Structure formats: structure tokens, C-alpha cells
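Chemist: Sequence first, then the predicted structure:
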2 protein chains.
Amino acid sequence: MDREYRVAIMGATGAVGATMMLLLQERNFPISSLKLLSSHRSAGNVLEFGEEPIVVEELTHQSFEDIDLVLASAGGSVSKEFLPTAVEKGCLVIDNTSAFRMDPDVPLVIPEVNMQAALRHKGLIANPNCSTIQMLVALKPIYDKVGLKRIVVSTYQSVSGKGGSAVDELIGQTISALEGQEIKLDNFPHQMAFNVAFDWPFLDSGDNEEEIKMINETHKILDDDSIGVSATTVRVPVLYAHSESINIETEDKITVDQARQILSEAPGIVLNDDPSKQKYPLAVDAAGTDHVYVGRIREDKSVENGLNLWVVADNLRKGAALNTIQIAEMLNQSQV
Amino acid sequence: MDREYRVAIMGATGAVGATMMLLLQERNFPISSLKLLSSHRSAGNVLEFGEEPIVVEELTHQSFEDIDLVLASAGGSVSKEFLPTAVEKGCLVIDNTSAFRMDPDVPLVIPEVNMQAALRHKGLIANPNCSTIQMLVALKPIYDKVGLKRIVVSTYQSVSGKGGSAVDELIGQTISALEGQEIKLDNFPHQMAFNVAFDWPFLDSGDNEEEIKMINETHKILDDDSIGVSATTVRVPVLYAHSESINIETEDKITVDQARQILSEAPGIVLNDDPSKQKYPLAVDAAGTDHVYVGRIREDKSVENGLNLWVVADNLRKGAALNTIQIAEMLNQSQV
């Protein structure tokens, strides 16, 4: 990595932005300068990058003049408004929002799964939804070996996927619930403390957007619309890391031992699968780490070639900031 | 209900036992006397039944002399040891433990689903697992109409299913987590506060016992081994009420509207399905109530005749104590 990048982070004051800054340092990403961008409201705040204080600047269409790489995580509408300008100015843009994910001209990339798609970028690369990323990191090695006919996934998603204020809200609600005080709602339409609820908005089909994302993004990333996907995405009172109960039907038979073997050698995955010793992936263990953890691999005898898996990863890291930065790293290594 | 029963509760000091006492009062169950039985350790405690204080007695093989109806919830090994004696003494026994559920001579009964099986009892009737009960109350009307080919269920179970001390443990762990103190483990092998984990023990197949119960009990209750069942049972940091993400393939086509219509008229079910208004079943709403709540009924296009449902019920009530007492009530009405 000889080249150094002039990097801008859009949405620097958010939970994913903060994780991006942390990871750029942790991974010694080759930065020559770092610009932190936010809305008018948050501009002027001072954030620390390592020991260096950086004043957050207001995002404008002039923000990209002296920038090589834009990492965007400021919401879909902000991406839609500003990223075309960044691309026009010659920046490489990696967008963590859903704004351009289904655009046929925009590669949707998980480095372990479809890095070759990133090489065809036209300035803009989209980062998939957090729930999709960890699911496909776990399923791609199986898909390559025996094919995938159908996926039925139910998620157990942490509140941090809704931002830092959602984390504060769950903590505040939990204290209120324990003290018998009124539960205040801000980010969520329903109590999240000691409860289970759904993301919104909902579509006419009854699915919420997160569920549709898991279906459409799976088809796009694997470049295979033939895979049946049913998703139920659920928010649970966990602060960090998403867990997923995944049931699959493969095209050809794969045994539990074969699946374990393949996954134990696959990139980005840590196999943790010894339930007799109470060893399986846990959200509290995955939080703050970079891997996708897979366990509880079991044969599902209710269908031909059925398999169950339990997949856990840090939604702010592998599900968002880390995957974004990994794309940039891989492109840098490819000298694109 | 002319007849009055001399009732004994085994496991009176437990969470299910306490709920049984509450429900016997709430429902004006025809009781002429109530005996509360427990282990040696808890005997001598005084519990209130309405305004009446009752001293808890130690369970022995002589406990059943003057009893008509035994409601048992003191653990499987206790049921195995003592219930044959109770049956021998002529008691009608309804057992909430798993001890006799798969015994071919013992009916496994959900009143809304297979009450006719209870009529063939030989003194002992088993109450199904909490997760199975709420799932089958919701699915039976659909099964009757269009058949069931396969069920894939992932659960979001509250800690109260592991007893009152598990509720205290989640509360204690939550306080410790919020205060940055060490998390102490007692009922659970892993942290439950702000985390997601599994029940145990695990079998060689990798399934845990709860998952196998959902499969086997479904086959027995519906008297149909042809239904494929895949279960992943998960414990979440919720105090009361279980939620379930249920994906089904029916034999014949049923539309979402037809399913809603059928379920809205079915016994024991409250349909709560208007996600555009954020209306769907919630654990915190179901806690302390008697119904099985169904919502988020959606077509699953990943398979022929696919349907998704979200099913929530109070695990201590409909999942345990209420179902037990409903069996007794129905038998009383049948004058058996």
C-alpha cells in the first residue's frame, strides 16, 4: 500500500462514522488527510482521530474538492444528494446507506463474497445492509460448494443498528423499566427494554424494508435470483452485534461435518460450534470484534438437504464500517 | 360446573405454580380445597390463595389421599417419581413437565387444538411445552383448512420459562451490566443481559431438548408425523412472554386475507396485524394476558404456498398454567 488517501467521512458524528474512525486507525489505513463531514447541526464539533483533534465541517457540494476517498454513512437522502457530486469530482465513494444499493451501475460488495464486482465500479460502490453482510459471509462458501435453493432467516438485531441515540434509548428505557418509571419512546415506536419489536417502514406486502433488503441484496450480491429468501428481521434488547437464525436448503447434500470444514477455512469466519460445551456464537462476544461467527450447524431433517446455522457479527464493524474500509483496502491492494 | 375439586398443586412455590394459584382464583375454578406441595426445602412457607393463607406441605407419596385433581409443575424427575402414585390413588393429573409428554398412553393436550385426545386419558394428561402450545394454537386453524407441509420456527423466549430465579437473574445481570459490574451466572451458562443465548442440554444432533420437543410434540398433538418441523429455540432478554417467527408451507394455497379471516375467528387467538400502524404482537403486551396473539401474516414468495407469522403469548399462562387449568375446565364441562 504505497498510495495514501485523502479521506472524507460523511456522517462522522454517527455510530458508524465513529467506528470508521476507530477502524482506520486500528488498521493503519494509508491516510494523508482526514476530513470529517456532518450536517449543519453537528458541524463545529471536535472529534479525536488518534491524538489529533479534527473539527467537523458541514457537508456541502464543495466538500469533495481535495478528497480521494469518501466513506459515506449519513443516511440515504444525504447520499442521494451529495454522492453524485463526489463521484463527479473524481472521488472513489463507498456508501454505507441503502441509496444506491440496487442501482445496476453500482456494485454491492462484500469483500469475502464478491470482490470482483467492486473492480467494475464507476466511482461508487455500495456497502450492503448489516444483516445481509453477515449472512452471506457465512453462506457463500456453502453456496460455492453445493448451491443454495432457499434461505429462511430470522434475525435478532441489536439496537445500535438504529444509531448511537438508540443505544442510549435502550439503556434509558431499561433503567426506567427496572425502576418502574414510565418508558419514554424516541427512536422506537415501541418499548425495546425487555421486549422484541420490528423495524419499519412496512410495505404493502407486510414486509418491512429491512426484510426486502435481505432478499434483494442477496440476489444482487450472489448474482443469482433463483435463491428463495424469506426474511423476518427483529430488533431485540441487545446493544451491539446481530445474531441470525438461518435455515437453508442446499441444491446438493452437504453434511454438518463438511459444512464445518468448509466454514472453518473460509475468509472472515470464526467457527464456534461445540454446543455440548456451551460454545456457540454470542452477541456479547462478537461486539467489538471483526469476524463473522458461525455455530450451531445442524442438519434439518424437515426437508431434503436442510441445514440450520447461527451467525453472529458486530453490526457496526463487519455489518457497516469494517466492510466499507475492507472494500477500500482491497481496491488499494488491487491498485485500481 | 357443579362438581367441586379437591386440588393439589405440585411445585406451588415456583413461577408456574404461582401462576396456577392466580388463575384458579381469576377463573373461579370450582375448588373445595387446595393443597400446596413442594420439596422439603420450601415446605412450611405460607402462600396466600386469595385472602386465605395456606401452609406449603412437603410432597410425599401420601400427599394424594384426599385429592381429586393434581396440577404438577415441579420438574420432570419429580413428576416421574410421584405422578404414578397420584394416578393410582384415583386423582386426575395434569402434568406441566416433559416427563410423560411422549408416552403413547398419555394425551398431550391443547384445548383449542386436540381436546378430544384428553377424553381418552387414563388418569394422566400432559401439558405441552410452552413454545409448542402457542405455535399450534396459531397454526391449527390453518392446518385444518389447507394442511401443513413444513414449519420453520425461530423463537424469542423470555427468561421466565426458566423459573422465577431466572427472572431475578436477568434483572440482576442487567443492573450489573448498566453499572459496569461483573455479570454473575447462576441459572444460565452465559450472560443473558443484553445478549441472546440457547437452552440446553444439547443432543448429539446439535439440537437442544427444547427444539426436539417442538418437533415431537407438534407431531403428537396434530397426530401427523408428515409435517416437517425445524426449530431453533432462543432465549432473549425479555422477562415474560415468548415470541415466535414462524414460516410455513401449506399443502394448499391460502392467501394472507384468508389466513387473517380464519385466525380472527379461531379460539384462543387475538389477531393484531396492522403493521402500517405499528400494530403487531409484542411480548410486553402479551405478558399477564391469556391469549395467543398473531400478526405480521405475510406471503413468503420464496416457496410455493409460503406464509410467515409472528406469534406471541405469555409463556407462564397460555404456555403453562393456563393451558393446564383449561384442560381441567374442559374435562369438568365434559363431565368426565
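Modeler: That came through fine.
Chemist: Any residues of the stretch 51-200 of chain A in contact with chain B? List them.
Modeler: A:150-152, A:154, A:156, A:171, A:174-175, A:178, A:189-191, A:194-198, A:200 (CB under 8 Å from any CB of the partner chain). For glycine as for every other residue, the C-beta is placed from the backbone atoms N, C-alpha and C.
Chemist: quick one: the strands in the stretch 51-200 of chain A?
Modeler: Remark: strands assigned in the stretch 51-200 of chain A by DSSP state E, counting those that start in this stretch are A:52-55, A:57-58, A:69-72, A:92-95, A:124-126, A:148-156, A:197-198.
Chemist: Ignoring the adjacent residues along the chain, who's closest to A:Asp207?
Modeler: Once flanking residues are discounted, A:Asp207 sits nearest to B:Arg298: 5.9 Å by CB to CB, 6 or more residues apart in numbering or on different chains.
Chemist: That neighbour sits in which helix or strand?
Modeler: Assigned by DSSP states H and E, B:Arg298 belongs to strand B:292-300.
Chemist: residues contacting the residue in the stretch 51-200 of chain A positioned nearest to chain B?
Modeler: Per CB to the nearest CB, A:Ser154 is where the stretch 51-200 of chain A lies closest to chain B, at 3.8 Å. Shown in contact with A:Ser154 (CB atoms under 8 Å, 6 or more residues apart in numbering or on different chains): A:231-234, A:244-245, B:154, B:232, B:245.
Chemist: need the helices for the stretch 201-336 of chain A, in chain order.
Modeler: A:209-222, A:256-264, A:283-286, A:322-333 (DSSP state H, counting those that start in this stretch).
Chemist: which strands and helices sit next to the second one?
Modeler: In other words, helix A:256-264. helix A:130-146, strand A:269-271, strand A:292-300, strand A:306-313 (3 or more CB pairs under 8 Å, 6 or more residues apart in numbering or on different chains; DSSP states H and E).
Chemist: May I see these arranged in CSV, with mean pLDDT as well?
Modeler: Converted to CSV, the helices and strands packed on helix A:256-264 look like this (pLDDT from 0 to 100):
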stretch, mean pLDDT
helix A:130-146, 98
strand A:269-271, 98
strand A:292-300, 98
strand A:306-313, 98
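Chemist: Check which helices and strands the strand holding B:Arg298 is in contact with.
Modeler: helix B:130-146, helix B:256-264, strand B:269-271, strand B:306-313.
Chemist: Paired strands for that strand, with orientation please.
Modeler: strand B:269-271 (parallel), strand B:306-313 (antiparallel) (DSSP bridges).
Chemist: Leaving out sequence neighbours, find the closest residue to A:Ala287.
Modeler: Per CB to CB, 6+ apart, closest to A:Ala287 is A:Tyr240, 3.8 Å.
Chemist: Now that the one you found has come up, it's in contact with A:Asn315, right?
Modeler: Yes. The pair A:Tyr240 and A:Asn315 qualifies as a contact (CB atoms under 8 Å) at a distance of 7.1 Å.
Chemist: Neighbour count for these two, which is higher?
Modeler: It is A:Asn315, of A:Tyr240 and A:Asn315, that has more neighbours when counted by other CB atoms under 10 Å in any protein chain shown, with 31 against 20.
Chemist: Now do the more buried one against chain B, distance only.
Modeler: 13 Å (CB to the nearest CB, to the nearest Å).
Chemist: Quick check: that residue touching A:Leu239?
Modeler: No. Using CB under 8 Å, A:Asn315 makes no contact with A:Leu239, being 10.4 Å away.
Chemist: how about A:Ala231, what does it touch?
Modeler: Here A:Ala231 is in contact with A:131, A:151, A:153-155, A:207, A:210-212, A:214-215 (CB under 8 Å, 6+ apart).
Chemist: And for A:Ile325, the neighbour number?
Modeler: Neighbours around A:Ile325, by other CB under 10 Å: 24.
Chemist: Run through the stretch 201-336 of chain A and note the low-pLDDT ranges.
Modeler: A:335-336 (pLDDT under 70).
Chemist: doesn't A:Glu57 make contact with A:Asn45?
Modeler: No. At 10.0 Å, A:Asn45 does not count as touching A:Glu57 under the criterion of CB under 8 Å.
Chemist: Overlap of the contact sets of the two?
Modeler: A:Ser38.
Chemist: With neighbour numbers in mind, choose between the two.
Modeler: A:Glu57 (16 against 13).
Chemist: picking that back up, to A:Val106, which of the strands paired with strand B:292-300 lies closest?
Modeler: strand B:306-313 (29.5 Å; CB to CB).
Chemist: The closest one versus helix A:209-222: what angle between them?
Modeler: Angle between the axes of strand B:306-313 and helix A:209-222 is 140 degrees (criterion: axes from the mean of the first three to the mean of the last three CA atoms, to 10 degrees).
Chemist: Name all residues that make contact with the spatially closest residue to A:Thr132 that is not a sequence neighbour.
Modeler: In space, and not counting its chain neighbours, A:Thr132 is closest to A:Glu217: 4.3 Å by CB to CB, 6+ apart. By CB under 8 Å, 6+ apart, the contact set of A:Glu217 is A:101-102, A:108, A:128-129, A:132.
Chemist: Give me the distance between A:Glu217 and B:Met10.
Modeler: 52 Å (CB to CB, to the nearest Å).
Chemist: For the stretch 101-250 of chain A, which residue gets nearest to chain B?
Modeler: For the stretch 101-250 of chain A, CB to the nearest CB, closest residue to chain B: A:Gly228, 3.0 Å.
Chemist: ok, now which ones touch that residue?
Modeler: Going by CB under 8 Å, 6+ apart, the list of residues near A:Gly228 reads A:149-151, B:301-303.
Chemist: re earlier: joint contacts of A:Tyr240 and A:Asn315?
Modeler: Joint contacts of A:Tyr240 and A:Asn315 (CB under 8 Å, 6+ apart) are A:158, A:160.
Chemist: Tell me, how many residues neighbour A:Gln157?
Modeler: The number of residues packed near A:Gln157 is 25, by other CB under 10 Å.
Chemist: so what's it closest to, chain neighbours aside?
Modeler: Nearest to A:Gln157 is A:His242, by CB to CB, 6+ apart, at 4.5 Å.
Chemist: Looks like the one you found contacts A:Thr132 (just checking).
Modeler: No. Taking contacts as CB under 8 Å, A:His242 lies outside contact range of A:Thr132: 10.5 Å.
Chemist: Can you report how many residues neighbour the closest residue in space to A:Glu299 that isn't next to it in sequence?
Modeler: Ranked by CB to CB, 6+ apart and with sequence neighbours excluded, the top spatial neighbour of A:Glu299 is A:Val256, at 5.6 Å. By other CB under 10 Å, 16 other residues sit near A:Val256.
Chemist: A:Met102 now?
Modeler: 15.
Chemist: how about the nearest residue to A:Gln258 once chain neighbours are set aside, what does it touch?
Modeler: Nearest in space to A:Gln258, with sequence neighbours left out and distances taken as CB to CB, 6+ apart, is A:Lys145 at 7.7 Å. By CB under 8 Å, 6+ apart, the contact set of A:Lys145 is A:254, A:258, A:262.
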